[in-house]
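Student: Requesting a structural model of the entry that follows:
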Amino acid sequence: MAVDDECKLKFLELKARRIYRFIVFKIDDQQVVVDKVGSPDETYEDFTAALPANECRYAVFDFDFTTAENCQKSKIFFIAWAPDTSRVRSKMVYASTKDRFKRELDGIQVELQATDPSEMSFDIIKARAI
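Tutor: Coordinates of the predicted model:
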């Protein structure tokens, strides 16, 4: 499975320059490509709305939060989205290529796998970040 260079470039821009809030990736014709990007002012709700209800995707989300000590922090989440309603073959392809793709994105801090929106609710993201 090839990874399009744009995937790595967009991820570096999210990580270093913070010009995106999230990036959604899809596998298209045996290659991982960028599907959608979210501007820095978009919310977590905008991110979850960008994930298709019945198709698998990979995504990264830059989560900003404040610690109990009142420090501003940020963590980059890698989310493997494989809804129960997606095709079995699609789930198998995404599952078998996930680790290789994740290695291409240096700087992932938290990984999450979700098969329905309740498994990646804002509360779960927040709890995993702290």
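
Student: Buried ones in stretch 56-76, by neighbour count?
Tutor: Burial within stretch 56-76, assessed by neighbour count using 16 or more other CB atoms under 10 Å, is assigned to 56-63, 75-76. All C-beta spots, glycine's among them, are computed from the backbone N, C-alpha and C.

Student: which among these gets closest to residue 23?
Tutor: residue 60 (5.2 Å; CB to CB).

Student: and the host helix or strand of the closest one, which strands flank it?
Tutor: Using DSSP states H and E, residue 60 falls within strand 57-66. In the sheet, strand 57-66 lines up against strand 22-27 (antiparallel), strand 72-81 (antiparallel) (DSSP bridges).

Student: what comes up buried for the longest helix along the chain?
Tutor: The single longest helix within the chain, with elements called by DSSP state H, is helix 88-104. Buried residues in helix 88-104, defined by neighbour count with 16+ other CB under 10 Å: 90-91, 94, 97-98, 101.

Student: Reformat those as TSV; add pLDDT and distance to residue 28.
Tutor: Listed next are these as TSV, based on pLDDT from 0 to 100; distance: CB to CB, whole Å:
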residue	pLDDT	distance to residue 28
90	96	12
91	97	16
94	97	12
97	96	12
98	97	16
101	97	13
